[in-house]
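*Asks:* with the sequence up front, the predicted model follows.
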Amino acid sequence: MSDPKPLLFALYEQASVGCGGAPSLWTHPADERLAANTFEFWANQARIADQANLDMLFFADVLGFYDVFGGNAEAAVKWAVEAPANDPLMIIPGLAAITKNLAFGATVSTTYEHPFAHARRFSTLDHMTNGRVGWNIVTSYLSSAARNFGLEEMIKHGDRYDRAEEFMDVVYKLWEGSWANDAVVADKARQVYAQGDRVKPINHAGERYRVAGPHLSAPSPQRTPLLIQAGWSGRGREFAAKHAELIFIAKSNPHEIRQGLEEIWTMAEARGRARDDIQSLTVLRIVTAKTEIEAQRKYDELQSNYHLEAQLVSYAGDTGIDLSRYADSDALSNHTEGLTSYMMRPDGSGKPLTAGDVRKRFANVTRGTDLILVGTPEQVADRIEEHARISATSGYMLNPLTSPGTLEDFVELVVPELQKRGLYRTSPQSGSLRSRLRADGSSRLPATAYGASFRLPA
């Protein structure tokens with residue numbers, strides 16, 4: 001039997017006081033998230049992650065307040081539900097300067113960004129981090145974000161993906177097809193920086209964007225940043241099969257994860273891509289200590305600082321379902337708001353959930369179905385090993401319950417156990433983020449990638 005392959009591990013974060021793990025746990029006495037507006041808070045997180053050889057510090061992001069619950073943003077502000085939200089792209093360069101190997105992922109929406117400005121920003125970031133950066137591609141889901149960008153209502157789901165597809169074409173043309181590989185000469189003696197005939201305009205004229213080009217930035221180490229994607233809907237899986245190199249999975253059932261990945265891999269192979277071109281990170285929450293009793297005590301302390309209303313604010317923002325309007329006995333399917341998948345029981349019975357069902361599901365830190373592991377380091381490592389074997393996930397995105405406590409516990413207690421099993425690397429990886437994930441060690445998109453089809457001929 002071959003030796004086990006080390007899993008990937010990343011830290012999930014948001015540049016806000018309330019992170020998405022459990023948005024009210026900043027109230028925990030040991031939590032330090034009230035310092036999230038300071039560089040020192042993020043520097044501490046990054047140094048711990050870098051020294052522990054984590055693969056990536058990943059930043060989720062939102063562009064509006066969670067204002068569905070109660071019909072306004074008051075509860076979101078009170079509980080700091082993924083708020084106040086700073087711009088992670090302003091934080092990453094500083095963190096890259098104080099770390100050696102840690103890579104960074106940043107969330108940017110294709111719905112509200114312009115592809116030309118976005119391409120330059122990420123090329124700059126790729127230069128400044130020496131290729132240690134990935135882009136989490138999202139289409140956004142908050143109606144408040146739509147209003148912040150001048151829209152009366154949120155663009156429909158399918159239309160957001162149509163916009164994202166054209167957005168991707170534009171950025172690929174800028175990153176991959178504007179500057180030829182041999183364009184930059186950088187020759188002082190000849191007094192030539194770049195060959196003008198090898199830097200081309202893109203002249204994109206589409207339904208939503210008109211971009212002349214050329215790309216303003218010279219080719220960066222990866223050109224196209226590593227492409228991360230989190231959509232799990234049918235359209236989201238199609239998008240992943242076409243574009244994604246790393247999938248972010250917010251599911252817990254290992255069989256469901258495996259089924260979803262197999263579907264994406266099959267669609268990717270039909271496009272000529274290899275299965276190994278698409279890897280994945282599954283959201284993971286842990287509560288661990290040297291003994292079961294101590295681990296349970298930590299969990300109980302989390303529960304005593306957990307507040308249901310804050311979680312329902314988050315749920316309302318995610319789904320459009322405002323539970324403040326519902327009695328426990330009210331069936332969610334009696335109303336037209338929200339998403340059908342959030343209204344039905346997960347047992348396949350076809351029966352609608354009631355508001356009481358949802359409140360019960362979110363009554364504790366486990367949030368009903370999320371992957372949360374409570375126990376000794378050995379027990380947590382056992383569960384990770386088993387889950388990875390069944391799910392076929394490439395690794396895990398550690399979602400902190402307290403900061404920096406969850407990360408510190410993982411590094412101090414769980415990492416040594418994973419290393420014993422060959423599931424966590426013992427030395428850091430160097431090079432660009434893409435080169436670390438590819439068997440061939442290349443920093444560039446593989447030739448079979450859709451984005452590579454936009455490259456200029458040699």
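*Replies:* All right, it came through fine.
*Asks:* could you list the low-confidence segments of the stretch 301-450 of the chain?
*Replies:* Scanning the stretch 301-450 of the chain for pLDDT under 70 picks out 333-350, 367-370.
*Asks:* so what's the residue count around the nearest residue to residue 383 once chain neighbours are set aside?
*Replies:* Closest residue in space to residue 383, ignoring its immediate chain neighbours: residue 373 at 4.9 Å, by CB to CB, 6 or more residues apart in numbering. Bear in mind the C-beta positions are built from the backbone N, C-alpha and C, glycine included. Using other CB atoms under 10 Å, residue 373 has 18 other residues around it.
*Asks:* quick one: residues contacting the residue nearest to residue 183 when sequence neighbours are not counted.
*Replies:* Nearest residue to residue 183, sequence neighbours excluded (CB to CB, 6+ apart): residue 198, at 3.8 Å. With contact set as CB atoms under 8 Å, 6 or more residues apart in numbering, residue 198 has these partners: 179, 180, 182, 183, 456.
*Asks:* quick check on the second one: phi, psi?
*Replies:* Taking degrees, to the nearest 10, you get phi -70, psi 160 for the backbone angles of residue 180.
*Asks:* residue 135 touches residue 108, doesn't it?
*Replies:* Yes - between residue 135 and residue 108 there is a contact under CB atoms under 8 Å: 6.1 Å.
*Asks:* now do the shared contacts for these two.
*Replies:* With CB under 8 Å, 6+ apart, residue 135 and residue 108 have common neighbours residue 122.
*Asks:* quick check: residue 421 vs residue 295, distance?
*Replies:* 19 Å (CB to CB, to the nearest Å).
*Asks:* these two: which has the busier surroundings?
*Replies:* Per other CB under 10 Å, whichever of residue 421 and residue 295 has more neighbours is residue 295, with 23 against 15.
*Asks:* what's next to the longest helix anywhere in the chain, contact-wise?
*Replies:* The longest helix of the chain (DSSP state H) is helix 157-177. With contact meaning CB under 8 Å, 6+ apart, helix 157-177 is reached by 110-111, 113, 115-116, 118-119, 123, 137, 139-140, 155, 200, 202, 204, 206-209, 211, 213-215, 223-224, 233, 235-236, 239, 243, 445, 450-456.
*Asks:* about what we covered before: how about the contacts of residue 198 in TSV, adding pLDDT?
*Replies:* Output for the contacts of residue 198, formatted as TSV (pLDDT from 0 to 100):
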residue	pLDDT
179	98
180	97
182	95
183	96
456	90
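*Asks:* circling back: and the contacts of helix 157-177, which of them are in strands?
*Replies:* Taking DSSP state E as the definition of strands, those contribute 137, 204, 211.
*Asks:* please tell me how far the nearest residue to the last one once chain neighbours are set aside sits from residue 115.
*Replies:* The shortest distance from residue 211 to any residue other than its chain neighbours is 4.5 Å, reached at residue 204 (CB to CB, 6+ apart). Using CB to CB, one gets 8 Å for the distance from residue 204 to residue 115.
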